[in-house]
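J.: generate a structure from the sequence data that follows.
(4 chains)
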2 protein chains.
Amino acid sequence: MSTRERLIESTRTLLWERGYVGTSPKSIQQLADAGQGSMYHHFSGKEKLARAAIDRTAEEMRAGVDAQLSGPGTALERISAYLRRERDILKGCPIGRLTQDPDVMAAPVLREPVEETFAWLRSRLAGVVTEGVEAGELSPAIDPAATASAIVAALQGGYVLARAADSAQPFDQAIEGTLALLGASAVR
Amino acid sequence: MSTRERLIESTRTLLWERGYVGTSPKSIQQLADAGQGSMYHHFSGKEKLARAAIDRTAEEMRAGVDAQLSGPGTALERISAYLRRERDILKGCPIGRLTQDPDVMAAPVLREPVEETFAWLRSRLAGVVTEGVEAGELSPAIDPAATASAIVAALQGGYVLARAADSAQPFDQAIEGTLALLGASAVR
DNA sequence: GTCTATATTTCGATAGAC
DNA sequence: GTCTATCGAAATATAGAC
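T.: Residues are numbered from 1 along each chain as shown, chains lettered A, B, ... in the order given. Got it, this is the predicted structure:
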C-alpha cells in the first residue's frame, strides 16, 4: 500500500475510534508509519486528510447498504436483513459518530459528506418502505419518510445504548423491538 | 452563584457542546470567569470536575423524565408526551453524546453515571410499557424491554439524524414514525 | 517524496505568594 | 480561595535539506 493510502486508512481508523477532535496528525503518522513531511506532502493538513477518509468511508457504507437493500426478498425481509446484518456494534457507526464532533459539523468540507450520506440513507430506505406499501405488504397508513427515519434512528440510537451499556444487548433489543413494531404494521 | 457552581455549570455547557476531549480546563475557566488556581482549588482536575458536571446533568434528566412518565394518562399517552416534549434537538442529548467520547468511556469514573442513566431510562420505560400491556392497552405480544430500548434508541438516533441534516425534521419524523408503529400495536 | 529542525499555541497541571 | 509564574508534553503546522 502506498504511503498516501496508508495515511487515508489510518485516518479512517482513528476517526472511527477517537473522532476528529481526538485524532492528532501525529497519531495518524504513527499508525500509517509515515513521517511528518510525508503527510503534509500528500495532504495540506488534517482537514483535507479527514475529508478523504470520510469520503471513502461514506462510499463504502453506501455501496454496502445499497447492495443489501437491492437484494432479493420482500421489502420487510430486506429491511430486516439490513438491520440484522453483522456489525461492530460497540464501535458504532463511523459516519454517525462524526455527527457529535463539533469541529466536523462546523467545517462545511467535513460536514458535507456526513449530511449527504444520511440524506441518501433515509431516502433509500423510504423507497423500500414505499415498495412494501405498494406491494400490499405494509399498511398504506404508514408514512414512508417517517418510517424510514424511525428505522435509521433505531440503528443509530442502538449504537448509543450499546456503548452506554458496554454491551450489544440493548442494540439488539432496539432492533428487534423496532422490527416487531414494523411487523405488527404488516398486512397479514 | 459561587465560583464552584459556575465551574460546574460551565463544564456542563461545554461538555454538551464540545464533549470531554474537546473541552479544555482553560475554556472552562474562561466561561466560568474563574482563574487557574481557583479551578484546581475546588477540583483536583478536569476529570473530577467533569464527573460533578455529568452527575448533575444525569440527575436533572432523571427527575425530568420521571416526572413526565409518572404523570397522568395512559401508558401510550405518557410515552408519546415524553417523546414529543420540547427539546433542544440540534444540541442533542447531553448524556447520550458522552457515549461517543472515547476518554469518557475509558474512564470508569466518567463512564459510570452515563451507564447508569441509560440503564435506568430503559428500565423505567419498560415499566411503562408493561403497564400498557397489563392495562390491555398494548398487545401482550410485545416485549417490554425490547420496546423500551427501541423507544430510547429512536430518540437518541433522532438526534443523530437531526445533527447530520442540521434540521429538526428527521428527528420529528423518527419520533412520529416510531409512535405510529407503536400505535398500530395498540389494542383497539 | 521523505526527512529533520524549528515554531507557535494549547493542554493539563503544579508551586507558591497573597 | 484566588492569583501569577512556570512546566513538560502535545497539537498543528512550516522550512528547507536530501
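J.: quick one: the helices in chain A, in order.
T.: A:3-18, A:25-32, A:36-42, A:46-69, A:75-84, A:102-106, A:108-134, A:144-165, A:169-184 (DSSP state H).
J.: contacts for the fourth one, please.
T.: Put plainly, it is helix A:46-69. For helix A:46-69, contacts defined as C-beta atoms under 8 Å, 6 or more residues apart in numbering or on different chains pick out A:7-9, A:11-12, A:15-16, A:20, A:23, A:25, A:28, A:39, A:42-43, A:78-79, A:81-82, A:85, A:94-95, A:98, A:104, A:107, A:109-110, A:113-114, A:116-117, A:120-121, A:124-125, A:128. (Each C-beta comes from the backbone N, C-alpha and C, glycine too.)
J.: for chain A, which residues are neighbours of DNA strand D?
T.: A:21, A:23-27, A:36-37, A:40, A:44-47 (C-beta under 7 Å from any atom of the strand).
J.: what's around the closest residue to A:Ser123 other than its chain neighbours, how many residues?
T.: In this structure, A:Ser123 finds its nearest non-sequential neighbour in A:Ala148, 7.5 Å apart by C-beta to C-beta, 6 or more residues apart in numbering or on different chains. A total of 25 residues lie near A:Ala148 under the criterion other C-beta atoms under 10 Å in any protein chain shown.
J.: tell me the contacts of A:Ala148?
T.: Counted by C-beta under 8 Å, 6+ apart, A:Ala148 has contacts A:Arg122, A:Ser123, A:Leu125, A:Ala126, A:Val128, A:Val129, B:Gln173, B:Gly177.
J.: type out the PyMOL command that picks the buried ones from the residues you listed.
T.: Those of the contacts of A:Ala148 that count as buried under 16 or more other C-beta atoms under 10 Å in any protein chain shown are selected in PyMOL with:
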select buried, (chain A and resi 122+125+126+128+129) or (chain B and resi 173+177)
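J.: check the contacts of A:Ala148 and tell me the two furthest apart.
T.: Pairwise distances across the contacts of A:Ala148 (C-beta to C-beta) peak at 15.6 Å, for the pair A:Val128 and B:Gln173.
J.: flag every residue of chain A that's near DNA strand C.
T.: The interface of chain A toward DNA strand C, taken as C-beta under 7 Å from any atom of the strand, is made up of A:Thr3, A:Arg4, A:Ala34, A:Gly35, A:Gln36, A:Gly37, A:Ser38, A:Tyr40, A:His41, A:His42.
J.: quick one: buried ones out of the residues you listed?
T.: Counted by 16+ other C-beta under 10 Å, the residues of chain A next to DNA strand C give A:Arg4, A:Ala34, A:Ser38, A:His42 as buried.
J.: ok, and the closest non-adjacent residue to the second one?
T.: Here the nearest residue to A:Ala34 in space, its sequence neighbours aside, is A:Thr3; by C-beta to C-beta, 6+ apart that works out to 5.1 Å.
J.: residues in contact with that neighbour?
T.: A:Thr3 touches A:Ala32, A:Ala34, A:Ser38, A:His42, counting by C-beta under 8 Å, 6+ apart.
J.: so what pLDDT did it get?
T.: At A:Thr3, the model reports a pLDDT of 98.
J.: and the closest residue to A:Leu14 other than its chain neighbours, how far from B:Ala75?
T.: Spatially, and ignoring its direct neighbours in sequence, A:Leu14 is nearest to A:Thr23 (4.3 Å; C-beta to C-beta, 6+ apart). Distance, A:Thr23 to B:Ala75, using C-beta to C-beta, to the nearest Å: 44 Å.
J.: over to A:Glu9?
T.: Counting by C-beta to C-beta, the gap from A:Glu9 to B:Ala75 is 49 Å.
J.: what about the two, which has more around it?
T.: B:Ala75 (21 against 15).
J.: my read: the more buried one touches B:Ile142, true?
T.: No. Using C-beta atoms under 8 Å, B:Ala75 is not in contact with B:Ile142, being 11.4 Å away.
J.: show me whatever sits in contact with both of those two.
T.: Common neighbours of B:Ala75 and B:Ile142 (C-beta under 8 Å, 6+ apart) are B:Val129.
J.: ok, back up a step: quick check, nearest of the contacts of A:Thr3 to A:Ala153?
T.: Closest to A:Ala153, out of all of those and judged by C-beta to C-beta, is A:Ala32, at 34.6 Å.
J.: need the contact list for the closest one.
T.: A:Thr3, A:Arg6, A:Leu7, A:Glu9, A:Ser10, A:Thr11, A:Met39.
J.: excluding covalently adjacent residues, which one is nearest to the second one?
T.: Spatial nearest neighbour of A:Arg6, excluding adjacent residues (C-beta to C-beta, 6+ apart): A:Ala32 at 4.1 Å.
J.: any idea how far that neighbour is from B:Glu116?
T.: 38 Å.
J.: with A:Ala165 instead?
T.: In terms of C-beta to C-beta, A:Ala165 sits 10 Å off from B:Glu116.
J.: which of these two has more neighbours?
T.: Each of A:Ala165 and B:Glu116 has its neighbours counted (other C-beta under 10 Å); A:Ala165 has more, 19 against 13.
J.: dump the residue contacts of that one.
T.: B:Glu115, B:Phe118, B:Ala119.
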